[in-house]
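# Can you look at this prediction? I've put the sequence above it.
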Amino acid sequence: MKLYKKYFSIHLKSAMQYKASFFITLIGNFLTSFSVFLGVVFMFQRFHRVKDFSFQEVILCYGILLLSFQVAQMFASGFKVFDRMIANGEFDRVLTRPRNEIFQVLCSRIDFVRLGGMLQGVVMFIYGISQAPMGWTPLRALTVFFMLIGGAVVFSAIFLLDGAFAFFTLEGLEFMNVFSYGASEHGKYPLSIYGKGMLTFCTFVVPYALFQYYPLLFVLGRSENLLYMFLPLLSCWFVIPCWLVWRLGVRHYKSTGS
Amino acid sequence: MKKYLSFFRLRFVMNLQYRVAALAGIVCQFFWGAMAILAFHAFYETDPASFPMDFQATASYIWMQQAFLGLLSVGGMDNSIFDAIHNGDVVYEVCRPVDLYAMWFSNTSATRVARALLRCVPPLIVAAFLPKPFGLMAPPSLTALLLFFVSLCLALLVTVSFCMIVYILTFYTISYRGVRLVAVALSDFMMGGVVPLPFFPEGFRQFAELLPFSCMENVPLRVYSGDLSGPPMARALLLQVFWVFALVLLGKVLEQKVLKRVIVQGG
C-alpha cells in the first residue's frame, strides 16, 4: 500500500508537468461524458419517461454507473495499455521483480484525466440523490455504496480480461470495448429497457445487472427484496474467471525478445 | 494531381490489409448499433406520438451510422499525422516537393474509404435481414439512393477538411490527446452521433443544422431513409458544398500561417 502511494504521487507529479495539455485532456474527457448526458436530457425533454423510469431516476442510475466506471478507468488503466507492455518487453522486467505482477501493472499507469469524466459522474450522482422521488433510508444509502463498489470491481475485471487477452493476441482486441465503453454508455438506462434477453445476458454472463438494475429497484423502493441489496457484492464473482485467464496468460507468456 | 492520386492509392491498398482488425470492429459496431436501437425502441414504446422520425428510419439511421463509422466519424483521425507533428518528423514532409495539405488530405481520405469498404458490407447485410422495425430499410426511391451517395461523398470531404484543421491546430499545443478528445466529443455530438438531430429540442436543432458538423453524418443518413427530402434536402446539400469550400480554405490559411513558425524541437 505504501508502495502504491509512492507510485500514485509519481504519476500525479508527472501529469502535472504538462499542465496545459493535462487540463485540455481533462476537459475533453469531461465533454465525452457530458455529451452522453446531454443526449439523455434531450431524449427526456421530448419523452419525459422511458418505460417506468423518470428523468431523476435515470440520472441517478447513470451517475452511479459512470462514477464506478471512471474509477475503474483511472486505476485499472494499466491493463488497457498492457499490450504495449508485452510488445516492448517491459513485462519481462515486471516478472523479475519480487512483487505481484497484477499489482505492478496497476502501478504502471494511473490515468488522472479520468477525473474529468468523474466530475460529470459526481454532478449527476448528487443531482440524482437530491432529486430522487423516494426517501432515503440507511439501507438504501448502503446499497448505493455497494453499487459503486460492484461497478468499479466488475469494470476493472473487464480491463483485466482485456489485458490478459494480450498474452495470446499480442495486440489489444477492439471488440472488448463493447464490454467496457459500450456497457458504460448503454448502461445509462436501467438495463430492463433493453428487453428480457439482454437483461438475462447481463445477469448471468457479464453481471452488469447485478450492480445496476436489481439494486436500483431496491434503492428506488420498487422492491423490498433484501437480496437485491447484496447483489452488487455478488457481482464481484466476475473477477475470478478474469483472474484465471490472466494466470493462464502469465503461464503461457513467452517474451517477445525485444 | 497525379501525385496525390498515387498517395491515395498507396494508402488505400495499405489499409485494406487490416482485415482482422476490421472484423473486430464490425462485431463492436454491430452490438453498439443493436443496443442503441433497443434504447430508442424503449422510448418509442413509452410514447410513440412524441417520436420525431419514423421508427424504421431511425433504425436505418443507426445501422448506416455504424456501417460508415470509419468513413464519417471524426474519431478516426490519423494518429501518424499527430505523431509526425509531435515528434518533429513533419519537417521531412515539409521538405518534399509536394503540398502538405493535399498530401495529408489524400492520405486521410484513403484511410477512411478503405476502412469503410472493409467494414460496411457485413453489418448492412445482417441489418437488412433483421425483423421489420429493427432492420435496415431500402431507400424510398432510386433518386434517394443516388443522392445519398452524392451526399456521402460530400460528407467525407467535410469530415476530412475538419480533421485537417484539427491536425494543424496541434502544431500549437504539442500534445494532441486533449485537442483530439475535445474535437471528437464536440463534433460527435453536434453531427448527431449520440442522438440524431431531429431529436434535438427546437431552436437548438435549427442552430445545429447550420454548423459544419451536421453536414457529416446527419445529412447523408437522413437522405437515405427519406427523412430529409424536397427543398430542405436541396438546402442541406448546398450547405455541404459550402462547408467543404469554407473548411478547406480555412485549413489552407491556417497551414500557411503555422508553417511559417514551425519550430523543430531537438535534433
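Perfect, I can see it now.
# switch to C-alpha atoms for all contacts and neighbour counts from now on
Noted.
# Skipping adjacent residues, who's closest to residue B:73 in space?
residue B:188 (7.0 Å; Cα to Cα, 6 or more residues apart in numbering or on different chains).
# Against chain A, how distant is residue B:195?
6 Å (Cα to the nearest Cα, to the nearest Å).
# ignore the last one, residue B:134
When residue B:134 is compared with chain A (using Cα to the nearest Cα), they lie 13 Å apart.
# again, but for residue B:166
14 Å.
# Give me the pLDDT for residue 154.
Looking at chain A here, since you left the chain open. What the model reports as pLDDT for residue A:154 is 95.
# my question was about chain B
Taking residue B:154 on its own, its pLDDT is 96.
# near chain B, anything from stretch A:60-79?
No: Stretch A:60-79 lies out of reach of chain B by Cα under 8 Å from any Cα of the partner chain, never closer than 14.1 Å.
# quick one on the thing from earlier: which strand or helix spans the residue nearest to residue B:73?
helix B:177-190 (DSSP states H and E).
# Tell me who's in contact with the residue nearest to residue B:73.
B:73-75, B:194, B:213 (Cα atoms under 8 Å, 6 or more residues apart in numbering or on different chains).
# Can you tell me which of those lies closest to chain A?
residue B:194 (6.2 Å; Cα to the nearest Cα).
# Might one say that the closest one is in contact with residue A:37?
No: applying Cα atoms under 8 Å, one finds residue B:194 not in contact with residue A:37, separated by 9.6 Å.
# what's the closest of the contacts of residue B:188 to residue A:100?
residue B:75 (36.3 Å; Cα to Cα).
# Check what pLDDT that closest one gets.
For residue B:75, the predicted pLDDT is 80.
# what about it, distance to residue B:147?
From residue B:75 across to residue B:147, the span is 25 Å (Cα to Cα, to the nearest Å).
# do residue B:67 as well
Taken as Cα to Cα, the span from residue B:67 to residue B:147 is 18 Å.
# Out of these two, name the residue with the larger neighbour count.
residue B:67 (25 against 18; other Cα atoms under 10 Å in any protein chain shown).
# Please report how far the more buried one lies from residue B:73.
11 Å.
# Check residue B:24 too.
Residue B:24 is 17 Å from residue B:73, by Cα to Cα.
# Looking at those two, which one has more neighbours?
Set residue B:24 next to residue B:73 and count neighbours by other Cα under 10 Å: residue B:73 wins out with 23 against 16.
# Helices of chain B, start to end?
With DSSP state H as the criterion, chain B has helices at B:2-15, B:19-46, B:55-67, B:69-72, B:79-87, B:90-95, B:100-128, B:142-173, B:177-190, B:204-210, B:218-225, B:230-260.
# Next, count neighbours for the residue in the stretch 151-258 of chain A positioned nearest to chain B.
Relative to chain B, the nearest point of the stretch 151-258 of chain A is residue A:175 (5.0 Å; Cα to the nearest Cα). If you count neighbours by other Cα under 10 Å, residue A:175 ends up with 19.
# same thing with residue A:227?
Residues near residue A:227, counting by other Cα under 10 Å: 11.
# Ok, which of the helices of chain B comes nearest residue A:162?
For the helices of chain B, proximity to residue A:162 was assessed by Cα to Cα; helix B:19-46 is nearest, at 13.4 Å.
# Show me what the closest one packs onto, helices and strands only.
strand A:49-50, helix B:55-67, helix B:100-128 (3 or more Cα pairs under 8 Å, 6 or more residues apart in numbering or on different chains; DSSP states H and E).
# Report the angle between it and helix B:55-67.
160 degrees (axes from the mean of the first three to the mean of the last three Cα atoms, to 10 degrees).
# Distance from helix B:19-46 to the middle of the chain?
On the basis of Cα atoms, centre = their mean, to the nearest Å, helix B:19-46 sits 18 Å off its chain's mean C-alpha point.
# likewise stretch A:89-96?
Put simply, stretch A:89-96 sits 27 Å off its chain's centre (Cα atoms, centre = their mean).
# now do stretch A:249-257
27 Å.
# In it, which of the residues would be classed as buried?
Using 16 or more other Cα atoms under 10 Å in any protein chain shown as the test for burial, stretch A:249-257 gives A:249-250.
# could you give the mean pLDDT of it?
Here stretch A:249-257 scores 80 as its mean pLDDT.
# and the closest residue to chain A within the stretch 51-200 of chain B, what does it touch?
Closest contact between the stretch 51-200 of chain B and chain A, by Cα to the nearest Cα, is at residue B:178 (3.5 Å). Contacts of residue B:178 were listed using Cα under 8 Å, 6+ apart, and they are A:21-28.
# Repeat the analysis, applying 7 Å as the threshold.
A:21, A:24-25, A:28 (Cα atoms under 7 Å, 6 or more residues apart in numbering or on different chains).
# Identify the spatial nearest neighbour of it, chain neighbours not counted.
residue A:25 (3.5 Å).
# just to revisit the earlier point, can you tell me which of the helices and strands packed on helix B:19-46 is most buried?
Highest mean neighbour count among the helices and strands packed on helix B:19-46 (mean count of other Cα atoms under 10 Å in any protein chain shown): helix B:55-67, with a mean of 24.
# Run through who's touching that one.
Helix B:55-67 has contacts (Cα under 7 Å, 6+ apart) with B:29, B:33, B:37, B:119-120, B:123-124, B:127, B:133-137, B:221-222, B:225, B:227.
# For it, the averaged confidence score.
Mean predicted lDDT for helix B:55-67 stands at 92.
# distance between that helix and the chain's centre?
15 Å.
# Let me know the angle separating that helix from helix B:218-225.
Using the same axes, to 10 degrees, helix B:55-67 lies at 130 degrees relative to helix B:218-225.
# which stretch of helix or strand covers the closest residue to residue B:189 other than its chain neighbours?
Once flanking residues are discounted, residue B:189 sits nearest to residue A:35: 6.1 Å by Cα to Cα, 6+ apart. Assigned by DSSP H and E, residue A:35 belongs to helix A:19-47.
# So which residues of chain A form strands?
A:49-50, A:53-54 (DSSP state E).
# Of the ones you listed, give the one that comes closest to chain B.
For those, proximity to chain B was assessed by Cα to the nearest Cα; strand A:49-50 is nearest, at 5.3 Å.
# ok, and what's touching that closest one?
So strand A:49-50 is contacted by A:55, B:42-43, B:46 (Cα under 7 Å, 6+ apart).
# Residue B:88: which of those residues is nearest?
Out of these, the member with the shortest distance to residue B:88 (by Cα to Cα) is residue A:55, at 49.1 Å.
# and the closest one, what does it touch?
A:44, A:48-49 are the contacts of residue A:55 under Cα under 7 Å, 6+ apart.
# How many neighbouring residues does the residue nearest to residue B:178 have?
Using other Cα under 10 Å, the number of residues around residue A:25 comes to 24.
# Turn the contacts of residue A:55 into JSON lines, columns for pLDDT.
Formatted as JSON lines, the contacts of residue A:55 follow (pLDDT from 0 to 100):
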{"residue": "A:44", "pLDDT": "93"}
{"residue": "A:48", "pLDDT": "88"}
{"residue": "A:49", "pLDDT": "88"}
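# Could you single out the nearest of these to residue A:190?
Closest to residue A:190, out of all of the contacts of residue A:55 and judged by Cα to Cα, is residue A:49, at 12.1 Å.
# beta partners for that closest one?
For residue A:49, the beta-bridge partners under DSSP bridges are residue A:54.
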